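Novice: All I have is the shape, not the residue letters:
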């Protein structure tokens, strides 16, 4: 968040505690529209929107997170306050990723860009399945490298103690 110099990974307004004794599921939709996938944003009733929340919804959200991490901004930042423009922008999700990636000075590998594009396809059925996301070679390579760096830092910290 530019105004508060903090990183916001996800809004938790849509969360619930399933361990609560009286938990009966989420009864109403809440959340931030510019994080919702097109199928949920276009739904005409809360019941229909709930029915459309699948693992493809999660893939969309992860794709937006990954885009934000790679490019330093939300893909729909410029239209987030106008639901009509937002809906149109979401339907062009994959094209919008490419336009943003081509802005001057941006350097993201074609492999990373491909992962984001497959996650942000407008039709839920066209998105990469959630079970395949963790097998994406770019993610595997960079996850492994990050874990190795974390492990080496942890080991060096333990040696100093």
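Specialist: Received the coordinates, thanks. This structure is a prediction, so every number in the text was calculated from the model and none was measured. Numbering: from 1, shown residues only.
Novice: And the helices in this protein, which stretches?
Specialist: Assigned by DSSP state H, the helices in the chain fall at 38-41, 46-52, 55-71, 83-91, 93-101, 110-119, 130-133, 137-160.
Novice: how about residue 125, what does it touch?
Specialist: residue 56 (CB atoms under 8 Å, 6 or more residues apart in numbering). (Glycine included, C-beta is placed from N, CA and C.)
Novice: Quick check: pLDDT value at it.
Specialist: For residue 125, the pLDDT comes out at 94.
Novice: cool, residue 155 as well?
Specialist: Looking at residue 155, its pLDDT stands at 59.
Novice: wait, residue 136 sits on residue 117?
Specialist: No: taking contacts as CB atoms under 8 Å, residue 136 lies outside contact range of residue 117: 11.5 Å.
Novice: Pick out whichever of the two has more residues nearby.
Specialist: Using other CB atoms under 10 Å as the criterion, residue 136 and residue 117 rank with residue 117 on top: 21 against 18.
Novice: quick one: contacts for the more buried one?
Specialist: For residue 117, the contact set (CB under 8 Å, 6+ apart) comprises 94, 97-98.
Novice: Please tell me how far it sits from residue 97.
Specialist: Separation of residue 117 from residue 97 (CB to CB, to the nearest Å) stands at 5 Å.
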